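Enquirer: sequence first, then the predicted structure:
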Amino acid sequence: MSFSDNNCGVSTVTEIVDDALTSLRKGHSLTTKRATFLSLLSLSPSLLHSQRMVKTIIHAILGLTLNDAPSNLAAATLLYLFTIHKLS
């Protein structure tokens with residue numbers, strides 16, 4: 001299954017997001033966190049908004065302390081995408 005498959009079922013999207021949020025918690029490697037951000041970035045913001053998962057993702061991002069520029073950029077990009085999608 002590809003993360004970019006925006007036609008996947010609701011339970012599949014929920015599982016992807018749940019797995020991603022678990023991977024962002026303390027104790028996971030930097031490589032895992034970077035891959036997690038890539039998987040979240042590959043999902044459509046409209047799909048995440050429709051499943052009401054954006055708030056959960058934003059709370060998880062705001063709770064992170066990352067000393068890694070690529071992860072910080074990915075987190076900022078997610079927040080930006082959620083914002084512009086909501087405004088359009």
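Expert: On my side now, so go ahead. Residues are numbered from 1 along each chain as shown.

Enquirer: and the residue nearest the centre of the chain, what is it in contact with?
Expert: With the centre of the chain defined as its mean C-alpha position, the nearest residue by C-alpha atoms, centre = their mean is Leu40, 3.3 Å away. For Leu40, the contacting residues are Val17, Ala20, Ile57, Ala74, Leu78, taking C-beta atoms under 8 Å, 6 or more residues apart in numbering as the criterion. (C-beta placed from N, C-alpha, C; glycine too.)

Enquirer: Ala75 in helix, strand or coil?
Expert: Using DSSP: H, G, I helix; E, B strand; the rest coil, the secondary structure recorded for Ala75 is helix.

Enquirer: quick one: secondary structure of His49?
Expert: helix.

Enquirer: run a quick neighbour tally on it.
Expert: Counted with other C-beta atoms under 10 Å, the neighbours of His49 add up to 14.

Enquirer: check the one 5 residues further on too.
Expert: By the measure other C-beta under 10 Å, the count of residues near Val54 is 20.

Enquirer: distance check, the residue nearest to Leu66 when sequence neighbours are not counted against Arg34.
Expert: For Leu66, the nearest residue in space outside its immediate sequence neighbours is Asn72; the separation is 5.3 Å by C-beta to C-beta, 6 or more residues apart in numbering. Asn72 sits 11 Å away from Arg34 when distances are taken as C-beta to C-beta, to the nearest Å.

Enquirer: gap between the residue nearest to Ile61 when sequence neighbours are not counted and Thr12?
Expert: Here the nearest residue to Ile61 in space, its sequence neighbours aside, is Ala75; by C-beta to C-beta, 6+ apart that works out to 4.8 Å. Using C-beta to C-beta, Ala75 is found at 23 Å from Thr12.
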